[in-house]
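Chemist: Have a look at this prediction, sequence included:
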Amino acid sequence: MAADSLHHHFVLPGQVLATSMSESEGGFLRGHGTYIELVPDDSTDHNDDDMMCDTKQQGGMAGTSKKKRSGWGTDTKSTVMQMDDGNEAERQDENDEPKDLQRGPQRLIASVAGTVERVNKLISVIPLSPSIYTGQVGDLIVGRIVGVGGSRWKVNLTCSPPTASASNGSMKEGQLPLSGVNLPGGVQRIRTSEDVLAMRNLFREGDLLTCEVQQVQKDGNLILHTRSLRYGKLDNGVLVTVPPSLVGRRKNHFVTLKGLTSQNNDEMDTEEEGEGDVDVYLGLNGGIWIQRTIPSEWENAIRADQDERAPLAETLQKLRHRHATTRVSPSMRESIARVRNSVECLRLVHCQITPDSIEIVARASVDQGIRVADMLLPEMVIKLTEGTRR
């Protein structure tokens with residue numbers, strides 16, 4: 001194998017990452033972003049030397065093999081090379097195991113552009129900027145309901161508007177089963193046919209929600225749930241969509257940014273808006289939700305009017321209803337818009353979007369007295385993101 005020198009190197013689709021002359025040699029394990037191709041017997045000699053030579057000539061980049069391949073992107077699960085009689089490639093049933101790929105020379109080829117990562121024999125290519133989100137169990141998702149039926153909701157993970165066309169294949173959907181949501185009032189019981197008929201009372205087409213990945217099926221489909229009290233329908237806020245690669249995994253994806261009100265809005269109505277803080281939900285699918293922080297006075301008022309033994313789910317349901325029906329004051333709208341434009345600034349310069357980077361850009365705009373409407377000007381974007389690009 002010649003993959004020792006490829007660790008963290010940049011590769012392009014079609015470039016050879018490693019070769020294995022025989023099964024007894026130990027070979028390699030195929031990771032994400034790669035595929036295995038069978039090498040004819042007459043083109044396996046000196047393969048490692050050619051690849052190392054190409055790597056040196058391209059400044060450390062994995063070189064493209066000069067040997068003739070059976071075709072870029074060939075599905076090795078259903079194609080077998082017949083070499084005893086000189087016959088062409090024949091198609092096999094997908095259920096049959098390609099035995100020739102278990103024996104003889106093979107080579108590992110990159111299928112995406114990215115950096116090579118190797119863990120022992122496992123070789124993977126990490127895409128630089130994946131355009132389609134691939135989930136993992138426990139990921140926070142900010143999605144949009146695009147379909148209701150069959151005891152489940154269809155959730156669009158790209159957060160595109162309901163009228164957006166998905167003919168280009170860029171839309172990725174997840175499944176939110178009826179058993180994965182909390183019933184009104186936090187009632188714990190088996191779902192019935194009446195609950196199926198009332199599904200649109202919980203979520204309907206076009207609604208935004210936060211949820212969590214419960215299961216990743218073998219075909220890549222995601223099963224979601226909102227059983228945690230933190231998840232549910234989103235109202236009275238702003239959605240920003242960014243590439244999923246800019247949002248990294250964190251211990252907490254629910255963050256609060258404090259004190260982002262400009263000096264011109266010091267006379268805000270604190271009784272209505274609380275402290276004027278802004279909540280940010282960082283979805284790993286690239287959806288970022290921004291809304292006002294629910295004032296603690298609201299929760300105290302609701303608890304004072306209800307029974308002490310009332311479940312927490314009922315209290316949170318009333319809080320969300322009040323948040324959805326209470327207008328947002330102009331000063332709070334400016335704070336939300338400032339955070340929204342801060343995220344857009346980071347997206348334009350392709351910087352990682354974290355609570356710290358958002359706060360750096362937002363506070364820089366407040367300290368320098370930059371209007372919200374001027375934050376997305378090209379010269380302002382460079383100026384505000386200077387602290388995040390050092």
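Modeler: On my side now, so go ahead.
Chemist: Every contact and neighbour count from this point should use C-alpha atoms.
Modeler: OK.
Chemist: Kindly provide the distance from I145 to R363.
Modeler: 34 Å (Cα to Cα, to the nearest Å).
Chemist: quick one, which of those two is more surrounded?
Modeler: I145 (24 against 19; other Cα atoms under 10 Å).
Chemist: quick one: the more buried one and T210 touch, right?
Modeler: No: I145 lies out of contact with T210 (Cα atoms under 8 Å); the separation is 10.7 Å.
Chemist: Quick one: classify K233 as helix, strand or coil.
Modeler: strand (DSSP: H, G, I helix; E, B strand; the rest coil).
Chemist: what's the nearest residue to it if we skip its chain neighbours?
Modeler: L209 (4.3 Å; Cα to Cα, 6 or more residues apart in numbering).
Chemist: ok, that neighbour - how many residues close by?
Modeler: 19.
Chemist: Confirm that it sits in a helix.
Modeler: No: using three-state DSSP, the secondary structure at L209 is strand, not a helix.
Chemist: show me what contacts it?
Modeler: 142-145, 231-234 (Cα atoms under 8 Å, 6 or more residues apart in numbering).
Chemist: And those residues, which is closest to E344?
Modeler: Closest approach to E344 among the contacts of L209 (Cα to Cα): V142, at 17.0 Å.
Chemist: So what pairs up with that closest one in the strands?
Modeler: T210 (DSSP bridges).
Chemist: Surely it and V213 touch.
Modeler: No: look at V142 against V213 with Cα under 8 Å: they stay out of range, at 10.8 Å.
Chemist: Between those two, point out the one with more neighbours.
Modeler: V142 (30 against 20).
Chemist: For the more buried one, give me its contacts.
Modeler: Taking Cα under 8 Å, 6+ apart, we find V142 in contact with 157, 159, 208-211, 281-289.
Chemist: now do 7 Å
Modeler: Listed by Cα atoms under 7 Å, 6 or more residues apart in numbering, the contact set of V142 reads 209-211, 283, 287-288.
Chemist: Distance-wise, check Q306 relative to T315.
Modeler: Taking Cα to Cα, one finds Q306 at 9 Å from T315.
Chemist: Neighbour count: those two, which is higher?
Modeler: The residue with more neighbours, out of Q306 and T315, is T315; 17 against 11, by other Cα under 10 Å.
Chemist: That one in helix, strand or coil?
Modeler: helix.
Chemist: Model confidence for the residue nearest to K233, exactly?
Modeler: Note for L209: predicted pLDDT of 95.
Chemist: again, but for F203
Modeler: 93.
Chemist: Show the residue spans covered by the helices in the stretch 201-350 of the chain.
Modeler: Assigned by DSSP state H, counting those that start in this stretch, the stretch 201-350 of the chain shows helices spanning 270-273, 296-305, 312-325, 330-348.
Chemist: Just name the most buried of those.
Modeler: helix 330-348 (a mean of 22; mean count of other Cα atoms under 10 Å).
Chemist: Measure how far that helix is from the centre of its chain, please.
Modeler: Computed by Cα atoms, centre = their mean, to the nearest Å, the separation of helix 330-348 from the middle of its chain amounts to 21 Å.
Chemist: Could you pull up the mean pLDDT of it?
Modeler: 94.
Chemist: Which SSE is immediately downstream of that helix?
Modeler: Following helix 330-348 in sequence order, the next helix or strand is helix 355-367 (DSSP states H and E).
Chemist: Quick check: buried residues in the helix or strand following that next one?
Modeler: Sequence order places helix 378-384 as the next helix or strand after helix 355-367, per DSSP H and E. Across helix 378-384, burial judged by 16 or more other Cα atoms under 10 Å covers 381-382, 384.
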